[in-house]
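Undergrad: Pasting the sequence and the predicted model now:
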Amino acid sequence: MNRRHKQNKNLRIIDGRKERYNGLLIHREKLSLNYLEAIEATNIRSLNAYPRTLLVRVDLRLPDKLQKQRPYIMSRFITALQYRVN
């Protein structure tokens with residue numbers, strides 16, 4: 001059952017605890033269905049144009065205390081990731 005976002009009525013919301021997106025478990029409370037569809041469409045276009053594309057999702061779990069102490073931690077992570085990929 002799709003609901004609308006409280007502040008932006010153009011966005012549809014999906015409840016990941018009760019619903020699936022294209023058969024996939026979401027494991028999140030609420031997500032924008034519009035954004036999920038846009039991400040999926042981008043992935044499909046990329047895979048059609050470049051069949052050897054690899055899609056990777058990284059979820060960083062940082063304690064709030066660490067995030068406040070080191071605001072540059074994301075830039076360091078991205079730099080380290082780029083170094084390892086290249």
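TA: Cool, got the structure.

Undergrad: So the residue lying closest to residue 60 once chain neighbours are set aside: helix, strand or coil?
TA: Of all residues not flanking residue 60 in the chain, residue 77 sits nearest, at 6.7 Å (C-beta to C-beta, 6 or more residues apart in numbering). (Each C-beta comes from the backbone N, C-alpha and C, glycine too.) Reduced to three states with DSSP: H, G, I helix; E, B strand; the rest coil, the structure at residue 77 is helix.

Undergrad: So for residue 77, what's the pLDDT?
TA: On the pLDDT scale, residue 77 is placed at 82.

Undergrad: Also residue 84?
TA: 89.

Undergrad: Can you measure across stretch 12-32, start residue to end residue?
TA: From its first residue to its last, stretch 12-32 covers 6 Å (C-alpha to C-alpha, to the nearest Å).

Undergrad: Name the residues of it that come out as buried.
TA: 12, 13, 14, 16, 26, 31 (16 or more other C-beta atoms under 10 Å).
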